[in-house]
Every structure is written in structure tokens, then in C-alpha cells.
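> The sequence and its predicted three-dimensional model are supplied below.
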Amino acid sequence: MSENKFDPRIIGNLLNFGRSFIQAPMKASIPHDVDIGSTQFDVAYKEDKMRLLHFRPLTSRQVRTPLLISYAIINRYYIFDIDPKKSWVKNLLEQGFDVYLIDWGTPSKIDKFLGFDEYVNRYMDNCVDFICDETNVDKVSIQGYCTGGTLAAVYSSLHPERVKNLIATAPVIDGWKDTTVVSNIAKYFDVDKLVDTIGNMPPEFIYYCFSILKPFEQGVEKYIKFLDNIDDEKFVERFLKIEKWAGETPPIPGELFKQWIKGIYQDNLLIQNKMYVKNELVSLKNIDMPVFTQVAVGDHLVSPECSMPLHYAVSSTDKILKLYPTGHVGMIASSFSQKTVLPELGKWLKERS
Amino acid sequence: MNNYMENESNITDYYKKTATFWSDMMGMMSSKSTTLSAVGPLRNLSTNLKKITNELTEANKETVEFNNFLIKYYKQLSDTWTNAQKEVASKTTKIPPNEEGTEAYKRVWIDIFENNFTGLFDSKKFSENYNNLVSTELDLLKRWNTITDVMLKSANLPTKEEIEEIYEELHILKNRIAKLELSKKQSEKNVRK
């Protein structure tokens, strides 16, 4: 009988939740007005919509080989500098690395015909060229995150002589092994029709893909947690920054999206070494430089099974695969990444730079 | 006429034929007088009307298809919701009505809904229907594009196809410039060596 007694604390919790709901607009900033990115940079090179950002050094001496970060084609680059205490680039600068980052910009209708060839052989190659000229080196280290990891792997395969080290962070490599629901949608997707009719892949469709990934954890629980923590200033600030980042994604150039869906998800050509970029075969076996593959066990955007095959496909003898108990964003923008992922990466990279 | 009314597809054909017939007739009827009275716009109007009517009739058929896929889409979502709710009800009967119980209920609810909906999104039936839904939406968009193109053409403005041609030309031109720049850079490097 006593088990069924109503607990008055439930009423208390409900009242607190109501209070948080009402007070939220007073305690939190408007999500789109939140400032992101505090590490200073210069735009070192620009081509079409693409910008090469060069972060200002934070140490008097720097590691000889510069590091080029190839950001993803989804969302914005500033996730790498989301918060001073959780900034990926700031941490690398403090470790003495010379950091460059590619911001792919916002493609418009005129960019519909841009594909892997332009992204890899033109934009990325020109960035590498620029950095080599600026810093007087022959090779750079490249880190690619998410879809940027795929671009970095393709670049390293086509231009191995320009890459000193490759770091692939949650790269999209083996589409058939991807266990996320996005790969299920991609499997039957008529990408030709979409590109012929609309041109570029619109952000709205990308948001739809996000919404079907853990819809209740990401769409309900996350916001309850936010209101429960409304008095925690730091939590609220970080929450809004991540929300702003997740809600800002540029369109994807039509041709690139077409090649992506067909080549990675539908026909899975990359991992089979059957993908062609402008008549040139992309063989992952050409990747013979040191490779560090970083995979997040709890990644719900790019499943570990999709990223890990890179480690086994490259011909490098000096290679390492690390699995981290975190998620897709947690791997690059969290206290965990500051304490574990970045020190390990820094140590590995310094030994090879 | 009676045969036309027998099933849904015949009804669509009937309306399509009627619309095309009258827009053709109107075009023919007006062609002589418009040719005499005007050069261009008025004559364009009759031809445009035919094209627009055709597109709108075809769009009707696709709207029906789109609605069918949309209904199926919402049915998949609501069925999954109902099943998940039933599962939650069956698994939460013994959870006590206290603070810890509320937390446990929330956890069970989220886990069950997450599993059920992920199962749906991961299924072939969902993916096929969703892609059919998007595909018919794109068909409708194509019709709208054609109608817009007809109107742009009559206003003597470039159509979508013509604009795309320019974009493609620019793209090719940019690639050619990039190639030239690259070879220039390489020859400069060779000279330096």
C-alpha cells in the first residue's frame, strides 16, 4: 500500500520545471546571437567560396610541419573553436602546432557543378601549395573530420607526395558498413533527380537526416536536460553554442553530393578502391604515410564500422587506430577531447613532424 | 465519356484531354486574329496557356501520388508511436509513483520510443516510401519549374535551363583557368630549380 503513495517531490520537480521554462528566456541568450570562436586567425588564402584560415600562433616555437585541417562539408568549421576551454585548434596551437583550417564556405547555385575533383584537386591542393610556399616545406600534415576525413583520405591517395601525416577523425569511408539510419535513406535515394531539379543539396534535407538520428534523445531528452540545468551558466552557454552550430549548415554542391551518395553510400566505391576522381583511380593503398584514425564508439552520425576500415585499407606501416568512448562531437569539442584525444594526437604528431 | 469515368486514371485522362482540347482550340481560334493584331506577346499567350494547362493537369496526377505517399508516411509514424506507447504501458506498470520512479519512467519511455523509431527509420519500407515521397515532390517541383520557365520565356527572360547553361560554362571556364594557373606555377617552379 505504501508503495503506491504519491511522492510530493514529483510536484516539486514539475513546479521547478515550469519555473525553468518561464525563466529560460531571461537566463539564456538567443541561440542565434551566441558568439562562437575566440581563437584569432587570418584568412591566408581564398578561392571562390573557400577560405583557408591560418590561426595565430600561441607559442614562440612551432612544430616544423604545418597542420591543415579539412573541415566537413556539413555544418560549420567553428566547432573546432566552439569554446576557449574546449577549443580543438587552441589546444593544438598551445602544443606548438602551426594550424591551418579549410572553411568550405556557403555554396550557391553557381557551385552546383563542383565535385570531388574541384574540392580535392583544386581547392585542397591549392591550400597545400599555399602552405608549403608560406612555410617553406614540401609536405603538410592533414587532419580531416567527418566528411572532411573522406576528402582528406581521397587527397592523400591522389597526392601522397604532399602529405606527411594523415589524421582521419570519424571519416566516412565504408558506406555499406554504416549502421546509422542515414545510410538506409541514402540507399534508395534518387540523387540524380534531386540534383537535376534543385541543384544543390538543400540544408533542410540535411536537417531532416539529423532529426531521424536518435530523435528522442536528441529531440526531447536534450532539451529537458537544458531546462533542468538552466541555472548553470556554463552549461547553458555551451548548450546554445552547440545548438547554434548544429542548426547552421550550408548547402552541398549538387555534383559533390551526387558523387558522395553514389560513390560512398550506394556503390561503396571508395573502400573497394574503385572510385574515380576526374579519370584518376582513388586507391586507398596509395596512402603510405603515417595514419592516425580516430573513431568515437558512441558516434551516431558516422558509425565506427564506417570509419574503421580506413585503418585496414591503407598501405602505411606506421598506423594507429584509436577508439574513444565518446560521440561524434564529443571527440573534438569536449573536456574529454582536451584531456585524452588531443594530448594523444599531439604526441603522435610531434614524433612525426 | 462513360469509359473515362470508370476509374481514377481514366478520370485524370478525361480532364487532361478536355483541358488540352480547349486550350488547343482556343490557341487555333485566336491564332489568326493575334497574328494580325500582334507580334509576340499575345500569340505567346495562347501557346503558353496550352503548356501551362498541360503541366497543371499532369501535376494533379502527381499531387494524388504525393498525397498517397504522405499519408503512408504519417501512418508509419503514428503506428510506430502507438506501438511504442503500448510497449511503454506494458513495461511501466510496476514503476512506483515517486521521484525515482518518474526518472525511471522517463528513461524507459525515451529508450522504447528511440528503439521503435530507429527501427522504423532503418527499415526498407520506410526508406522506400520516404524516397517515393521525395521523388513525387521533386516531380511537382519540376512541373512548377516548367511553368515558371514558360512565363520567363514569354517575358523574354532567361529560363532555368539557360541559366544553368551559363553556370556550366562558367564552371568549365574556371577549371580551364585553374589548369592554366597550375601549369604556369609548375613551369615557374621548374625555372627556379
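Nice, thanks for sending it over.
> What helix or strand is the nearest residue to residue A:122 once chain neighbours are set aside located in?
Closest residue to residue A:122 apart from its sequence neighbours, by CB to CB, 6 or more residues apart in numbering or on different chains: residue B:178 at 5.3 Å. Just so you know, the C-beta spots here come from the backbone N, C-alpha and C atoms, and that holds for glycine as well. Using DSSP states H and E, residue B:178 sits in helix B:160-192.
> What residues sit buried inside that helix?
By neighbour count with 16 or more other CB atoms under 10 Å in any protein chain shown, helix B:160-192 contains the buried residues B:164, B:167, B:171, B:174, B:175, B:178.
> which other helices and strands contact that helix?
Identification of packing neighbours for helix B:160-192 by 3 or more CB pairs under 8 Å, 6 or more residues apart in numbering or on different chains; DSSP states H and E yields helix B:124-154.
> close to chain A, is the helix it packs on?
Yes: counting by CB under 8 Å from any CB of the partner chain, chain A is contacted by helix B:124-154 at B:124, B:126, B:127, B:128, B:130, B:131, B:134, B:135, B:138, B:141, B:142, B:145.
> Most neighbours of all these, which one?
residue B:126 (23 neighbours; other CB atoms under 10 Å in any protein chain shown).
> In chain A, what residue comes closest to chain B?
For chain A and chain B, the shortest gap (CB to the nearest CB) falls at residue A:7, measuring 3.4 Å.
> Count the residues that sit near the closest residue to that residue other than its chain neighbours.
Distances taken as CB to CB, 6+ apart place residue B:98 nearest to residue A:7, at 3.4 Å, with adjacent residues excluded. Close neighbours of residue B:98, defined as other CB under 10 Å, add up to 17.
> do the same with residue A:11
With other CB under 10 Å as criterion, residue A:11 counts 10.
> Flag the shaky bits of the chain, pLDDT-wise.
All of this refers to chain A. Chain A contains residues with pLDDT under 70 at A:1-5.
> meant chain B, my bad for not saying
Ranges of chain B meeting pLDDT under 70: B:1-9, B:27-47.
> I'd like the domain boundaries of it, if you could list them.
B:3-156, B:158-193 (automatic domain parsing).
> Quick one: residues contacting the residue in chain B positioned nearest to chain A.
Among all residues of chain B, residue B:98 sits closest to chain A, at 3.4 Å; criterion: CB to the nearest CB. By CB atoms under 8 Å, 6 or more residues apart in numbering or on different chains, the contact list for residue B:98 reads A:5, A:6, A:7, A:9, A:10.
> Which of the residues you listed fall in helices?
Judged by DSSP state H, the subset of the contacts of residue B:98 located in helices is A:9, A:10.
> For residue A:191, see how far away the closest residue to residue A:115 other than its chain neighbours is.
Excluding its sequence neighbours, the residue lying closest to residue A:115 (CB to CB, 6+ apart) is residue A:255, at 3.9 Å. Distance, residue A:255 to residue A:191, using CB to CB, to the nearest Å: 10 Å.
> Please say which of these two ends up with more neighbours.
residue A:255 (21 against 18).
> which SSE is that one in?
helix A:254-260.
> other SSEs contacting that helix?
Using 3+ CB pairs under 8 Å, 6+ apart: helix A:254-260 touches helix A:191-198.
> do stretch B:54-62 and chain A meet?
No: for a cut-off given as CB under 8 Å from any CB, stretch B:54-62 has no contacts with chain A; the smallest distance is 12.7 Å.
> residues making contact with that stretch?
B:12, B:15-16, B:19-20, B:23, B:136, B:139-140, B:143-144, B:146-147, B:150.
> Run a quick neighbour tally on residue 94.
You didn't pick a chain, so chain A it is. Residue A:94 is flanked by 14 other residues according to other CB under 10 Å.
> should've been chain B
8.
> Residue A:307 - nearest residue in space that isn't next to it in sequence?
That would be residue A:295: by CB to CB, 6+ apart, it lies 4.8 Å from residue A:307.
> what helix or strand is that neighbour on?
Here residue A:295 is assigned to strand A:291-296, by DSSP H and E.
> Give me the packing partners of that strand, helices and strands only.
Contact analysis of strand A:291-296 by 3+ CB pairs under 8 Å, 6+ apart lists strand A:163-169, helix A:304-307, helix A:309-313, strand A:319-324, helix A:342-351 as its packing neighbours.
> List the neighbouring strands of it plus their orientation.
Sheet pairing here is set by DSSP bridges, and for strand A:291-296 it gives strand A:163-169 (parallel), strand A:319-324 (parallel).
> Please convert those strands to TSV, extending it with mean neighbour count.
Shown next, in TSV, are the strands paired with strand A:291-296 (neighbours: other CB atoms under 10 Å in any protein chain shown):
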stretch	mean neighbour count
strand A:163-169	25
strand A:319-324	16
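> closest to residue A:318 out of the domains of chain B?
For the domains of chain B, proximity to residue A:318 was assessed by CB to CB; domain B:158-193 is nearest, at 29.1 Å.
> is it fair to say residue A:237 lies in a helix?
Yes: with DSSP: H, G, I helix; E, B strand; the rest coil as the criterion, residue A:237 is part of a helix.
> Please list all residues in contact with it.
Taking CB under 8 Å, 6+ apart, we find residue A:237 in contact with A:29, A:34, A:83.
> Now, those residues that are in strands?
Using DSSP state E, no member of the contacts of residue A:237 sits in strands.
> Tell me the secondary structure of the nearest residue to residue A:220 once chain neighbours are set aside, please.
Once flanking residues are discounted, residue A:220 sits nearest to residue B:110: 6.7 Å by CB to CB, 6+ apart. Secondary structure, three-state DSSP: residue B:110 is helix.
> Report the contact partners of residue B:110.
Going by CB under 8 Å, 6+ apart, residue B:110 touches A:216, A:217, A:220, A:221.
> could the residues you listed be laid out in CSV, adding distance to residue A:348, secondary structure and neighbour count?
Below are the contacts of residue B:110 laid out as CSV (distance: CB to CB, whole Å; DSSP: H, G, I helix; E, B strand; the rest coil; neighbours: other CB atoms under 10 Å in any protein chain shown):
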residue, distance to residue A:348, secondary structure, neighbour count
A:216, 37, helix, 19
A:217, 32, helix, 15
A:220, 39, helix, 16
A:221, 35, helix, 16
